[in-house]
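Colleague: curious how this folds, go ahead:
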Amino acid sequence: QANNFLIKTKAEHIKEYSRGAYTLLSTEQEKWEAHIGVRYQSESITSYTQAPYSPILYSLWLPTFNGSYFINDNWRFRAGLSKNYSKPLLNSLNFDGSNDTPNSTKYIFNSNLKPYLSYNSDISLEADFSSRSSFNISLFYKDLEDYIVTTQAPLFEDSPPTTSDSQLLWLSNAETAYQWGAEVSLNYLIHNSDWGINIQAAYNKGKVTYYDSNSGTALFKKNLPFLSKITASSMIFYDHPKFNFKLGAIFRDKYLVRAGSLLLDENETGFMPTTYWDASVNYYFSNYWKLKFSAFNLSNEQERQYSNSTLRAYNSTTSGRTFYLGLSYQY
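Modeller: Coordinates of the predicted model:
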């Protein structure tokens, strides 16, 4: 039977040329150590779904500094400053031609997009008690500039025709944001034993202004997307030349995925907290033979998605437990 309907296909073709150079200067004194570096990055990104294929061009100088002061043989104080960048994502390079008819909106491509920049600073106090025991606590702050959001596009001579009620939107580097937090980690081997523990935890706070995807106007400040306020991991291990064992858990707090004018009764979407448990066992028969057992997601963790700031349940998935048993020979 003949198919009278038109079948449309769409290909996303992105071509990127990247060039860079990096240099580093290091110096050491009795109690001081410093590393100063700079990277030059030049890139050209062309999206072949965006006629007339105008490339996004940019070049950046990215300096970095790391300095350490050795308080004694075990403790040291470290400070760092750096500048980094994040490229426009694929959905930012494929933002053209679609229309939102109910809201009289047309989305166009912005060939002047740039990466957003991150100015980073951090300080930490670190300790090495032995070859296997260490402690670290650090504070950090990131200033994000040229953050990419949806805004109203200015009218140019070659802008697509619009009616009096319609408007043009595009993605632009129109926003600033920030992120700060603290991290602590401890790796400790119990004295005169093969048992140990590893603990890591981080607190993150970051805000950005979200924009209405239908009108391009600023709405409100909320947490940065995909940023969990608290993340943590813990592991208990036994490490012997003939036998080793590990049992660990990874916790991730609730995080936001999208916010803004999505649906009438949906001002944001995200995921609820999760905790994953993993384990592994290795037994060495000899210098050549090893029996290995690994288990992932022992609790068959449930990933729960919500679809409003009231944390209304939207979707729930489980991926099941995974077990591996293997025998290996090494020579």
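Colleague: would you mark the buried spots in the helix or strand where N136 lies?
Modeller: Under the criterion of DSSP states H and E, N136 resides in strand 134-152. Buried residues in strand 134-152, defined by neighbour count with 16 or more other CB atoms under 10 Å: 134-136, 138, 140, 142, 144-152. Every residue, glycine included, has its C-beta placed from N, CA and C.
Colleague: strand partners (parallel or antiparallel) of that strand?
Modeller: Sheet pairing here is set by DSSP bridges, and for strand 134-152 it gives strand 116-128 (antiparallel), strand 167-189 (antiparallel).
Colleague: and the helices in this structure, which stretches?
Modeller: Using DSSP state H, the helices of the chain run over 90-93.
Colleague: so for it, the centremost residue is which one?
Modeller: Among the residues of the chain, F226 comes closest to the average C-alpha position under CA atoms, centre = their mean, at 7.2 Å.
Colleague: nearest spatial neighbour of that one, skipping sequence neighbours?
Modeller: Y255 (5.6 Å; CB to CB, 6 or more residues apart in numbering).
Colleague: for the one you found, list the residues it contacts.
Modeller: 223, 225-228, 270-271 (CB atoms under 8 Å, 6 or more residues apart in numbering).
Colleague: with F65 instead?
Modeller: By CB under 8 Å, 6+ apart, F65 lies in contact with 34-37, 80-82.
Colleague: buried members of the residues you listed into PyMOL, please.
Modeller: To isolate the buried members of the contacts of F65 in PyMOL, using 16+ other CB under 10 Å:
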select buried, resi 80+82
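Colleague: among the contacts of F65, which one sits closest to T209?
Modeller: S82 (24.7 Å; CB to CB).
Colleague: wait, isn't the closest one in contact with V38?
Modeller: No - checked against CB atoms under 8 Å, the pair S82 and V38 is beyond contact range at 10.4 Å.
Colleague: between those two, which contacts overlap?
Modeller: The contact sets of S82 and V38 overlap at 62-64 (CB under 8 Å, 6+ apart).
Colleague: can you put those residues in CSV and add neighbour count?
Modeller: Shown next, in CSV, are the shared contacts of S82 and V38 (neighbours: other CB atoms under 10 Å):
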residue, neighbour count
L62, 17
P63, 11
T64, 17
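Colleague: from these, which is closest to E28?
Modeller: Distances from E28 to the shared contacts of S82 and V38, taken by CB to CB, are shortest for T64, at 17.3 Å.
Colleague: contact partners for the closest one?
Modeller: 35-39, 80-83.
Colleague: can the residues you listed go into a markdown table with extra columns for pLDDT?
Modeller: Below are the contacts of T64 laid out as a markdown table (pLDDT from 0 to 100):
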| residue | pLDDT |
| --- | --- |
| H35 | 96 |
| I36 | 96 |
| G37 | 96 |
| V38 | 96 |
| R39 | 94 |
| G80 | 96 |
| L81 | 96 |
| S82 | 96 |
| K83 | 95 |
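Colleague: would you format those residues as a markdown table with distance to S316 included?
Modeller: A markdown table is the format used below for the contacts of T64 (distance: CB to CB, whole Å):
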| residue | distance to S316 |
| --- | --- |
| H35 | 47 |
| I36 | 50 |
| G37 | 46 |
| V38 | 48 |
| R39 | 44 |
| G80 | 41 |
| L81 | 43 |
| S82 | 40 |
| K83 | 41 |
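Colleague: just the ones of those in strands?
Modeller: 35-39, 80-83 (DSSP state E).
Colleague: closest one of those residues to P241?
Modeller: H35 (36.4 Å).
Colleague: residue contacts, that closest one?
Modeller: H35 touches 24-26, 64-67, counting by CB under 8 Å, 6+ apart.
Colleague: what is it paired to in the beta sheet?
Modeller: S26, N66.
Colleague: and if you look at S86?
Modeller: Bridge pairing for S86 - DSSP bridges - gives Y116.
Colleague: that one reaches S92, doesn't it?
Modeller: No - with contact defined as CB under 8 Å, S86 does not reach S92; the gap is 10.7 Å.
Colleague: compare these two (neighbour count), which wins?
Modeller: Neighbour comparison, S86 and S92: the larger count goes to S92, with 19 against 13 (by other CB atoms under 10 Å).
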